[in-house]
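J.: Make a model of this:
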Amino acid sequence: MSEIFLHDVSKTFPDGTQAVKNISLKIKQGEFLVLVGPSGCGKTTLLRLIAGLENPSGGTIQIGEKDATTLASKDRDLALVFQNYALFPHMNAFDNMAFGLHARKVPKDKIEQKVLHVAQKLGLEKLLQRKPNELSGGQRQRVALGRLLARNPSIHLLDEPLSNLDANLRTSMRYQLTELHQEFQRTTLFVTHDQVEAMTLGDRICVMNEGEVMQLGTPAEIYDQPAHRFVAEFFGSPKINLLDGDISGTKEKYCFQQNGQKIIFSSNQSIPEGPIVLGLRPECLNIQKEKSSDSWEAELKRIENMGDIRVLHFQGQDCKITLKSKRNDLQPGQAYHIKPEWKEAIWFNASTGNLISG
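T.: Sure thing, here's the model as predicted:
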């Protein structure tokens, strides 16, 4: 197994596009790290740089004790699963899975042993003689994953491998990937734009935007303490409520003012005076009958019944507020009072978007 160290790695393409901007990152041995962000944020380019499929414009890539910046892909002891699976159409599932082992001149009996072991793990035993066009999308995805696991190098790289699967199959494959990682304990990088995949798979998550790392942390850190409003908005469904306003006062009696409407509340956080952005997760808001100094009055506009939970959309005096609730006695068109759990409030600098930690 190998650690990966990126030191000020950058990548600029011939057209001038700077896809990766001076990223320094350490990926621990045996860690499952998820690279996540919107399309075009540089996550796949970063993965390709680590894989040796692209050369960096600057910086160095170190794998274990070895400088891998200019090392050929075949010498990096890694394997990559692509979004489109990249299976050989003329080969059956067994030969596709065995391809990397044949290339390394592994004895035939060892190849059969390794492939059959992995096929059993992935439920492919009865499909090994089928060619890719005879397999479903989920089966092709498992064959591509099996090709990686049969070789089982020290580094596993996966580039949005679940994006072509339907919702139910993606859920089951996330569970299977978690089990396989626990068994094989290889250093794993997983690229996705899906926040659910990032939160459920990663030991840590690296959030990227416009070629830069916005935050690196555990799923809990990313969700509960987002380093920037971009990170806060990217994670969570429904999205976090972000309210622009001004803050004044002290811990015992803060005043949050938004377009003339004042909310008075107390908090253990140290919140600086002046323009600010208040972040409130939908699950951190409560509905109460009586008006209070630390609540908003808002009209319920729409209810989305999700079965186990209801997503409620409110229109306040100058803002829209979304919250989650199990209540089923609320009526659209009625006014209610919304009170935040102020200890769960997240505050951001109005100009930089950075988290205010107090």
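
J.: how about the helices in the stretch 201-350 of the chain?
T.: In the stretch 201-350 of the chain, the helices defined using DSSP state H, counting those that start in this stretch lie at 219-224, 229-234.

J.: Nearest residue to the middle of the protein?
T.: The central residue of the chain, meaning the one whose C-alpha is nearest the mean C-alpha position (C-alpha atoms, centre = their mean), is A198 at 3.0 Å.

J.: Now the helix or strand where that one lies - C-alpha only, PDB.
T.: According to DSSP states H and E, A198 maps onto helix 195-201. Once non-C-alpha atoms are left out, helix 195-201 reads as follows in PDB (Å, rounded to 0.1, in the frame of the first residue of the first chain):
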ATOM      1  CA  GLN A 195     -22.800  14.400  -2.700                       C
ATOM      2  CA  VAL A 196     -24.500  11.200  -1.400                       C
ATOM      3  CA  GLU A 197     -21.700   9.100  -2.800                       C
ATOM      4  CA  ALA A 198     -19.100  11.400  -1.300                       C
ATOM      5  CA  MET A 199     -20.700  11.300   2.200                       C
ATOM      6  CA  THR A 200     -21.400   7.600   2.300                       C
ATOM      7  CA  LEU A 201     -18.100   6.300   0.800                       C
END
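
J.: among the helices of the stretch 201-350 of the chain, which is the most enclosed?
T.: Neighbour counts (mean count of other C-beta atoms under 10 Å) averaged over each of these peak at helix 229-234, with a mean of 21. To be clear about C-beta, it is placed using only N, CA and C from the backbone, and glycine gets the same treatment.

J.: Can you give the distance from the lowest-mean-pLDDT helix or strand in the chain to the centre of its chain?
T.: The element with the least model confidence among the helices and strands of the chain, by mean pLDDT, DSSP states H and E, is helix 167-184, at a mean of 87. Averaging C-alpha positions (C-alpha atoms, centre = their mean, to the nearest Å) puts helix 167-184 15 Å from its chain's average.

J.: got the CA positions of that helix in CSV?
T.: What follows is the C-alpha trace of helix 167-184 in CSV, where atoms were taken according to Å, rounded to 0.1, in the frame of the first residue of the first chain:
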residue,chain,number,x,y,z
ALA,A,167,-30.6,4.8,-8.4
ASN,A,168,-31.3,1.4,-6.8
LEU,A,169,-28.2,-0.1,-8.3
ARG,A,170,-26.0,2.8,-7.3
THR,A,171,-27.2,2.3,-3.7
SER,A,172,-26.3,-1.4,-3.7
MET,A,173,-22.9,-0.7,-5.4
ARG,A,174,-22.0,1.9,-2.8
TYR,A,175,-22.5,-0.7,-0.1
GLN,A,176,-20.5,-3.2,-2.1
LEU,A,177,-17.6,-0.8,-2.7
THR,A,178,-17.5,-0.1,1.1
GLU,A,179,-17.3,-3.8,1.9
LEU,A,180,-14.6,-4.4,-0.8
HIS,A,181,-12.5,-1.5,0.6
GLN,A,182,-12.7,-2.9,4.1
GLU,A,183,-11.5,-6.2,2.8
PHE,A,184,-8.7,-5.1,0.5
